[in-house]
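Colleague: here are the coordinates; sequence isn't available:
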């Protein structure tokens, strides 16, 4: 079986560890490249599992793939990840279209590829918070979005149809996303606007993250992620369906069932 040739294992791993901009969707797809490089360099599976878990401890897609490596050969899993990625994007785009004419303007935080898919699918005008620390929200400026200071969120939410955000992880009782997402959801609830979260099923994991990733801002360690209670989420859009009541075990189970099927058919 031929193995795709690309960057070295250590180069891909270091890129994933040092990244400060991308979310969990990017990490999931990068894992395909990491696994291929690991096969090329004959990295032991146990080492790959340990390395993957060390990239962002507790990040749902990383933990899910590390767990799957105990059941699936790395190259088969790499190819399954690429297939799943493409089909998940198609599913999210299709399910987002259900909100056509219902969400014509939206406020978002950070830069989520899934929030962008939603906006494109429904043709919504996007107002993006700068999303400090990090300022990833400014990336929306290159995609037709209006970028505004974080503290102006109440004004722009009041003049929008909904708050739409991505998510880095779906766990029992809460969603993890960029810090600032919790006040965004709370403000939206206060103003009577719906909160819509858009994420792929590969981010679902029942066990809670072992730790919260932190960054240094002006000499102060601050968490990079918020936990948003599911009670503040009105709609969850995934590649496998749209939910107003969330069963995390079901979504996680469907992901694992499907990716194992893809892995078995890539051989």
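Modeller: On my side now, so go ahead. A quick note: this is a predicted structure, and the numbers were derived from the prediction, not measured.
Colleague: quick check: residue 70 touching residue 49?
Modeller: Yes. Using Cβ atoms under 8 Å, residue 70 is in contact with residue 49, at 7.3 Å. C-beta coordinates here come from the backbone N, C-alpha and C atoms, glycine included.
Colleague: residues near the residue lying closest to residue 41 once chain neighbours are set aside, how many?
Modeller: Leaving aside its sequence neighbours, residue 41 sits nearest to residue 9 (Cβ to Cβ, 6 or more residues apart in numbering; 4.9 Å). Residues contacting residue 9 under the criterion other Cβ atoms under 10 Å number 22.
Colleague: could I get the contacting residues of the closest residue to residue 225 other than its chain neighbours?
Modeller: Nearest non-adjacent residue to residue 225, counting by Cβ to Cβ, 6+ apart: residue 176, 5.0 Å away. The contact partners of residue 176, by Cβ atoms under 8 Å, 6 or more residues apart in numbering, come to 60, 167, 168, 169, 170, 209, 225, 226, 227, 228.
Colleague: how far does the helix or strand hosting residue 34 sit from the chain's center?
Modeller: For residue 34, the element it lies in under DSSP states H and E is helix 24-40. In terms of Cα atoms, centre = their mean, to the nearest Å, the centre of helix 24-40 is found 15 Å from the chain centre.
Colleague: would you mark the buried spots in it?
Modeller: Across helix 24-40, burial judged by 16 or more other Cβ atoms under 10 Å covers 24-25, 27-40.
Colleague: got it, and stretch 146-166?
Modeller: Under 16+ other Cβ under 10 Å, the buried positions of stretch 146-166 are 147, 148, 153, 156, 157, 160, 161, 162, 163, 164, 165, 166.
Colleague: repeat that for stretch 56-70.
Modeller: Buried, per 16+ other Cβ under 10 Å, within stretch 56-70: 56, 58, 59, 60, 61, 62, 63, 64, 65, 66, 68, 69.
Colleague: tell me the pLDDT of the fourth one.
Modeller: Each residue has a pLDDT score; the one for residue 60 is 92.
Colleague: ok, back up a step: need the worst-confidence member of the contacts of residue 176.
Modeller: residue 209 (76).
Colleague: ok, it to residue 31 distance?
Modeller: Look at residue 209 and residue 31: by Cβ to Cβ, to the nearest Å, they are 17 Å apart.
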